[in-house]
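Novice: Sequence and predicted structure, then a few things I'm wondering about:
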Amino acid sequence: MDEIKIKEVVRKRYAETVKTGGCCCSPAAPGAVSDCCGSGPVGAISPADEVIASADLGLSCGLPVNDAGIKEGDKVLDLGSGAGVDVFRAAKVVGRDGLVTGVDMTPEMIAKARENARKGGYQNTAFKLGEIEALPVPDASQDVVISNCVINLVPNKKRAFQEIYRVLKPGGHFCISDIVTQGQVPESYRKDLDAWAACLSGAVEKEAYLGLLAEAGFQEVEILRASPYGPEPEDGFGFESITVIGYKYLP
Ligand SMILES: C[S@@+](CC[C@H](N)C(=O)[O-])C[C@H]1O[C@@H](n2cnc3c(N)ncnc32)[C@H](O)[C@@H]1O
């Protein structure tokens, strides 16, 4: 598959989503389960919560911030931050002494996230245009890396996991919600670019995903949550939404 073409299609889709909104990574996915489409209603009780609600474009497949063990003062990096929903959730936890940075390759998403940050008056967030496979972040600079429904869209997952390892401080960890497959996905389906942009055909088999994380150097890789995702399993394959954690050990 042509990586440049995949990214072009993905970027176009998410640029359009900023304007139109969406539901799940995959509006085309029939029978999408409730764990998809973000985290459910968010009570808009303060300006900061209102910003979180408007930054939730319904593109998530989990709640990595809840499981990430983020602490006050942490430096957190969100990969494929979209309109900033998880950046703003994490910003509440890290407080004034911490910093949450979102990286996204779609200029329209970065513009929307910056607008949301301005509206919410956030002083502890930053948004950078960039690609996960070449993160615009120094080595060993982050305490926690999070990501929500994005790595499945990345053509070179091995490179993405190597980059996460590079930017984490020794002793740091990641917590990622993502889509994986169960069973053998037909090659013809893998070539469907619309299904790729909908977070389906770029997803890899769960064991392969965990294998790539281990290969990148992560320890204690563990699936914290898993639930069925998207279309009912057919032709021997189906999809699962998982939240996975892993650690970069001290040398
Ligand atoms: C399904 S949306 C999820 C957005 C956000 N995490 C959320 O939960 O609302 C995927 C986002 O990842 C971005 N993205 C996809 N592939 C990327 C890559 N290789 N590098 C950086 N961003 C990427 C897209 O531009 C899009 O904003």
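Specialist: Happy to help now that I have it. Numbering: from 1, shown residues only.
Novice: Now do whichever strand or helix holds Ala90: which elements does it pack against?
Specialist: Per DSSP states H and E, Ala90 falls inside helix 85-94. With contacts defined as 3 or more CB pairs under 8 Å, 6 or more residues apart in numbering; DSSP states H and E, helix 85-94 has these neighbours: helix 47-55, helix 64-67, strand 75-79, strand 99-104, helix 107-120, strand 125-129, strand 142-148. Every residue, glycine included, has its C-beta placed from N, CA and C.
Novice: Now distance to Tyr249 too, for these, in JSON lines please.
Specialist: Below are the helices and strands packed on helix 85-94 laid out as JSON lines (distance: least, CB to CB, whole Å):
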{"stretch": "helix 47-55", "distance to Tyr249": "33"}
{"stretch": "helix 64-67", "distance to Tyr249": "20"}
{"stretch": "strand 75-79", "distance to Tyr249": "18"}
{"stretch": "strand 99-104", "distance to Tyr249": "23"}
{"stretch": "helix 107-120", "distance to Tyr249": "32"}
{"stretch": "strand 125-129", "distance to Tyr249": "27"}
{"stretch": "strand 142-148", "distance to Tyr249": "14"}
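Novice: Now distance to Tyr14, mean pLDDT and mean neighbour count too, for these, in TSV please.
Specialist: Output for those, formatted as TSV (distance: least, CB to CB, whole Å; pLDDT from 0 to 100; neighbours: other CB atoms under 10 Å):
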stretch	distance to Tyr14	mean pLDDT	mean neighbour count
helix 47-55	14	87	19
helix 64-67	18	98	22
strand 75-79	14	99	27
strand 99-104	8	98	26
helix 107-120	6	97	19
strand 125-129	13	98	18
strand 142-148	13	98	26
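Novice: can you redo those as JSON lines with distance to the ligand?
Specialist: Shown next, in JSON lines, are the helices and strands packed on helix 85-94 (distance: least, CB to the nearest ligand atom, whole Å):
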{"stretch": "helix 47-55", "distance to the ligand": "7"}
{"stretch": "helix 64-67", "distance to the ligand": "9"}
{"stretch": "strand 75-79", "distance to the ligand": "7"}
{"stretch": "strand 99-104", "distance to the ligand": "5"}
{"stretch": "helix 107-120", "distance to the ligand": "4"}
{"stretch": "strand 125-129", "distance to the ligand": "9"}
{"stretch": "strand 142-148", "distance to the ligand": "4"}
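Novice: Thanks again, I'm all set now.
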